[in-house]
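Trainee: Requesting a structural model of the entry that follows:
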Amino acid sequence: MTWRGSTDTKDRIFAALVYLLPLYSAFAFGIFIFQQIPFLGAALAIALYPLAFLYSSLGSFGSLIIFFVLFFAVVRNPRISHFIRFNTMQAILIDILVSLLRLVLDFVARGGANLVVETLFNVVFLGAFAACVYSIIQSVIGKYADIPTISEAAYSQVGG
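Mentor: Reported below is the predicted structural model:
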């Protein structure tokens, strides 16, 4: 993705922070990996604790409330820099993808915890984790994270 002007430190930090939302959603898929690498689970739990507190304080519709606030107050607000709006939309799209996969895998997982379910959980977690870490790093250095299909969808929502 090409640059759309310079980004200051504040923009970079805010753009990176929104990727904690899909990471929080994907955290539940990491249960099998966290059994093998307990440090990773503990480190992510500590990093995501403030977000977990926010979600729990908003009640059962916390994720929906946060989605609408981010979408209407950030993504659709032309006064906010394009860099933040693009990264927020991309984080929302990753979060939606993880949520849809949760619906499908909850149905598949009812058959029991077997190798297929464990593998699918690991793939979803590692995919979301990789996308979020990549996007956070790109945001911190001031570049647009280019994730195939998701970035195109985010760009179409935010515009140029």
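
Trainee: does the residue nearest the centre of the chain count as helix, strand or coil?
Mentor: Residue closest to the average C-alpha location in the chain (C-alpha atoms, centre = their mean): P22, at 2.3 Å. The local conformation at P22, judged by DSSP: H, G, I helix; E, B strand; the rest coil, is helix.

Trainee: Next: V124.
Mentor: helix.

Trainee: rewinding a little: would you check that the residue nearest to the centre of the chain makes contact with A131?
Mentor: Yes: when contacts are counted by C-beta atoms under 8 Å, P22 is listed as touching A131 (7.4 Å). C-betas here are computed from N, CA, C, even on glycine.

Trainee: overlap in contacts of those two?
Mentor: Here P22 and A131 have I94 as joint contacts, going by C-beta atoms under 8 Å, 6 or more residues apart in numbering.

Trainee: starting at the chain centroid, how far to the helix or strand harbouring A15?
Mentor: Assigned by DSSP states H and E, A15 falls within helix 9-17. Relative to the centre of its chain, helix 9-17 is centred 14 Å away, using C-alpha atoms, centre = their mean, to the nearest Å.

Trainee: got it, and stretch 17-35?
Mentor: 8 Å.

Trainee: Extract the CA atoms of that stretch and return them as PDB.
Mentor: The C-alpha coordinates for stretch 17-35 follow below in PDB (Å, rounded to 0.1, in the frame of the first residue of the first chain):
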ATOM      1  CA  LEU A  17      -3.500  -0.300  19.200                       C
ATOM      2  CA  VAL A  18      -6.700  -1.100  17.200                       C
ATOM      3  CA  TYR A  19      -5.100  -4.500  16.300                       C
ATOM      4  CA  LEU A  20      -5.500  -5.600  19.900                       C
ATOM      5  CA  LEU A  21      -9.200  -6.100  19.200                       C
ATOM      6  CA  PRO A  22      -8.900  -9.000  16.700                       C
ATOM      7  CA  LEU A  23      -6.100 -10.300  18.800                       C
ATOM      8  CA  TYR A  24      -8.400 -10.400  21.800                       C
ATOM      9  CA  SER A  25     -11.100 -12.200  19.700                       C
ATOM     10  CA  ALA A  26      -8.500 -14.800  18.500                       C
ATOM     11  CA  PHE A  27      -7.200 -15.400  22.000                       C
ATOM     12  CA  ALA A  28      -9.700 -18.100  22.700                       C
ATOM     13  CA  PHE A  29      -8.400 -20.100  19.700                       C
ATOM     14  CA  GLY A  30      -5.000 -20.300  21.200                       C
ATOM     15  CA  ILE A  31      -5.900 -22.700  24.000                       C
ATOM     16  CA  PHE A  32      -4.000 -25.600  22.400                       C
ATOM     17  CA  ILE A  33      -1.000 -23.500  21.600                       C
ATOM     18  CA  PHE A  34      -0.900 -22.000  25.100                       C
ATOM     19  CA  GLN A  35      -0.700 -25.600  26.500                       C
END
